[in-house]
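Chemist: sequence plus predicted model, see below.
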Amino acid sequence: MQEYGNIAIVGERELVIGFRLLGVSHTYIAEGAEGVATLRELMDSGKYSLIILSESIRKHMDRKLLDHVENSTVPLIVFIPLPGGEEEESVEKFAKRVLGVDIGR
């Protein structure tokens, strides 16, 4: 039987520590290829409804995995930038990806 409703965070120490302080218990300090491997394990476990990844992990994904992640709703996978990092996904792009609704018009 699969569990749903858990949240996992994967990324640099600075990102993970912040979520730990907020009470998120499923946190993983991992970057680059290690972050991608951790993501795959979390997705395969079926225990998470939301996985938050550091934006920096995106560039280490192959096209097939990135396409899957960008179209996934269960679990919902969201990239979050580090302060001073790359630009985060806009609300319009997020709504289109997750809900299939274009709110930018």
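Modeler: Received the coordinates, thanks.
Chemist: what about the nearest residue to residue 30 once chain neighbours are set aside, neighbour count?
Modeler: Spatial nearest neighbour of residue 30, chain neighbours left out: residue 38 (4.5 Å); criterion: CB to CB, 6 or more residues apart in numbering. In this view, the C-beta of every residue, glycine as well, is placed from N, C-alpha and C. Here the count is done by other CB atoms under 10 Å, and residue 38 has 20 residues near it.
Chemist: got it, and residue 11?
Modeler: 26.
Chemist: for the closest residue to it other than its chain neighbours, name its beta-bridge partners.
Modeler: Counting by CB to CB, 6+ apart, residue 54 is the residue found nearest to residue 11 once chain neighbours are left out, at 2.8 Å. Beta-bridge pairing of residue 54 under DSSP bridges involves residue 80.
Chemist: how many residues are close by residue 47?
Modeler: 15.
Chemist: ok, residue 5 next?
Modeler: So residue 5, with other CB under 10 Å, has 8 neighbours.
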